[in-house]
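>>> Next comes the sequence, and after it the predicted model I'd like to discuss.
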Amino acid sequence: MSDKKHVKLHPEFGLNPTMPVCFWCSEETGEIVLLGNAFKGRAPRSMILSYDLCPKCEKSINGQIHVIEVVPQPITKHQRELAPGLGLYPSGNWCAIKRDALNRIFPEQYAELRDRVLATGKMICTHETYSRLTEDAPVSDTLRSMEPQGHA
Ligand SMILES: [Zn+2]
């Protein structure tokens, strides 16, 4: 929650606490978040509140690239988009790849894309690309779908 100092109490459930669960490993992060009136109704015992890596996942990735498989439909009823307006939802499949591996994955004509992945530490890919990556098959013919879309 961005405004921790001013939790507006829920009229019925007061501080309305929940325990955040990491989306990536499904484990509780050990934190307690007071949702107060920001959550309509009684907050569940535990909730996925963000797509941030928990400290344990962060440690296991250890500076490698976080590869995230996305799908165009939410996998659960109330799942949020990976980023607002993106229209893509993490499927729950993910892995980490070594930074050096990007040189093999991205041919030279995709150097700009590779550099962006290196800068963010994240690679978001479709089911097709993700499958090829995890089967260690060539992915270059699926990269076109990863090129940034929209307003140039
Ligand atoms: Zn985690």
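Done, it's in.
>>> middle-most residue in this structure, spatially?
residue 51 (4.1 Å; C-alpha atoms, centre = their mean).
>>> What's the local residue count around the closest residue to that one other than its chain neighbours?
Nearest in space to residue 51, with sequence neighbours left out and distances taken as C-beta to C-beta, 6 or more residues apart in numbering, is residue 23 at 5.4 Å. C-beta coordinates here come from the backbone N, C-alpha and C atoms, glycine included. By the criterion of other C-beta atoms under 10 Å, residue 23 has 20 neighbours.
>>> Then residue 31?
10.
>>> What ranges does this structure have for its helices?
Counting by DSSP state H, the chain forms helices over residues 55-61, 101-105, 111-120, 127-134, given from the N-terminal end onward.
>>> separation between the residue lying closest to residue 13 once chain neighbours are set aside and residue 11?
For residue 13, the nearest residue in space outside its immediate sequence neighbours is residue 42; the separation is 4.9 Å by C-beta to C-beta, 6+ apart. With distances taken as C-beta to C-beta, to the nearest Å, residue 42 is found 12 Å from residue 11.
>>> What mean pLDDT does the strand ranked longest in the chain get?
Of all the elements of type strand in the chain, the one with the most residues (DSSP state E) is strand 89-97. Model confidence over strand 89-97, given as mean pLDDT, is 94.
>>> Wondering if that strand reaches the ion at all.
No. Contact between strand 89-97 and the ion, assessed by C-beta under 5 Å from the ion, is absent, since the two come no nearer than 10.1 Å.
>>> I'd like the distance from that strand to the chain centre, please.
On the basis of C-alpha atoms, centre = their mean, to the nearest Å, the separation between the geometric centre of strand 89-97 and that of its chain is 7 Å.
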